[in-house]
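K.L.:
Prediction below, plus the sequence it came from.
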Amino acid sequence: MDFAATPMMENDCVRLEPLDHAHAGALAEAVAEGELWRTWYTRIPSPEAMGEEIQRRLDLQEQGRMAPYAVVTPDSGAAVGMTTFMNLDPQNRRLEIGSTWLGRASQGTRINPAAKLLMLERAFDQLGCLAVEFRTHWFNHQSRAAIAKLGAKQDGVLRRHIILPNGTVRDTVVFSIIDAEWPTVRVSLEHRLGLRV
């Protein structure tokens, strides 16, 4: 299986479309609300840099290093964020779900867990992954809580891991879900989304 491929994925709550420059306008609007790109502990593109960020992700996909998606609400058809499969490691059947952001209006809704359900289904059921990783900044408490709520377990903290553009040094919190845990994680997400009775 091609880990860098981006087939469209959809459920009742969200659609993941292969990222394209056609998404730039809607993504610029989504990021503008609340000026998300000013969040100091994460990397979110500004409205003006959206086209450049889309191209960066597409270039990484061309190199086989990333599978980038636009996060789209099925009711409006508008892109409200981005997400990717990254750190692709087909040989060891591992990857990371990351470089994810959602517009302010979509945060705290069913969109994120529904998108993660689709991505985990692809990773475990189609790509045969042994483990799926999630990484975030130590100070990104919202992201850490969301990852844990998915059912991922914290593996550890990479201290002084990355120097951010603002000069601060990121301690990276690493979480994962392994293949043996996936059936229970799936049921939990389906119950949370009202997809299972």
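P.N.:
Sure thing, it's come through.

K.L.:
Pull the contacting residues for Tyr41.
P.N.:
His137, Phe139, Asn140, Leu164, Thr168, Arg170 (Cβ atoms under 8 Å, 6 or more residues apart in numbering). Where you see a C-beta, it was placed from the backbone N, CA and C, and this is true even at glycine.

K.L.:
Show the contacting residues for Asn140.
P.N.:
Asn140 touches Tyr41, Thr42, counting by Cβ under 8 Å, 6+ apart.

K.L.:
Angles on the backbone of it, please.
P.N.:
phi -90, psi 70 (degrees, to the nearest 10).

K.L.:
So for it, what's the pLDDT?
P.N.:
pLDDT recorded at Asn140 is 94.

K.L.:
do the same with Arg38
P.N.:
According to the prediction, Arg38 has pLDDT 89.

K.L.:
do the one 4 residues further on as well
P.N.:
For Thr42, the model assigns a pLDDT of 86.

K.L.:
So which of the contacts of Tyr41 is the closest to Ser106?
P.N.:
Ser106 lies nearest to Asn140 out of the contacts of Tyr41, by Cβ to Cβ, at 16.8 Å.

K.L.:
ok, that closest one to Phe134 distance?
P.N.:
11 Å (Cβ to Cβ, to the nearest Å).

K.L.:
Then Ala32?
P.N.:
26 Å.

K.L.:
out of those two, which sits in the busier spot?
P.N.:
Phe134 (23 against 15; other Cβ atoms under 10 Å).

K.L.:
just checking, that one touches Ile97?
P.N.:
Yes. Look at Phe134 against Ile97 with Cβ atoms under 8 Å: they come within range, at 5.8 Å.

K.L.:
which parts of the longest helix seen in the chain are buried?
P.N.:
When the chain is parsed with DSSP state H, its longest helix is helix 50-62. By 16 or more other Cβ atoms under 10 Å, the buried positions in helix 50-62 come out as Met50, Gly51, Glu53, Ile54, Arg57, Leu58, Leu60, Gln61.

K.L.:
could I get the helix or strand just after it in PDB with only the CA atoms?
P.N.:
Downstream of helix 50-62, the first helix or strand assigned by DSSP states H and E is strand 66-72. The C-alpha trace of strand 66-72 is given here as PDB (Å, rounded to 0.1, in the frame of the first residue of the first chain):
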ATOM      1  CA  MET A  66       3.400  12.900   3.800                       C
ATOM      2  CA  ALA A  67      -0.300  12.300   2.900                       C
ATOM      3  CA  PRO A  68      -2.000  15.700   3.300                       C
ATOM      4  CA  TYR A  69      -5.800  16.200   3.600                       C
ATOM      5  CA  ALA A  70      -8.200  19.100   3.800                       C
ATOM      6  CA  VAL A  71     -10.800  18.600   6.500                       C
ATOM      7  CA  VAL A  72     -14.200  19.400   5.000                       C
END
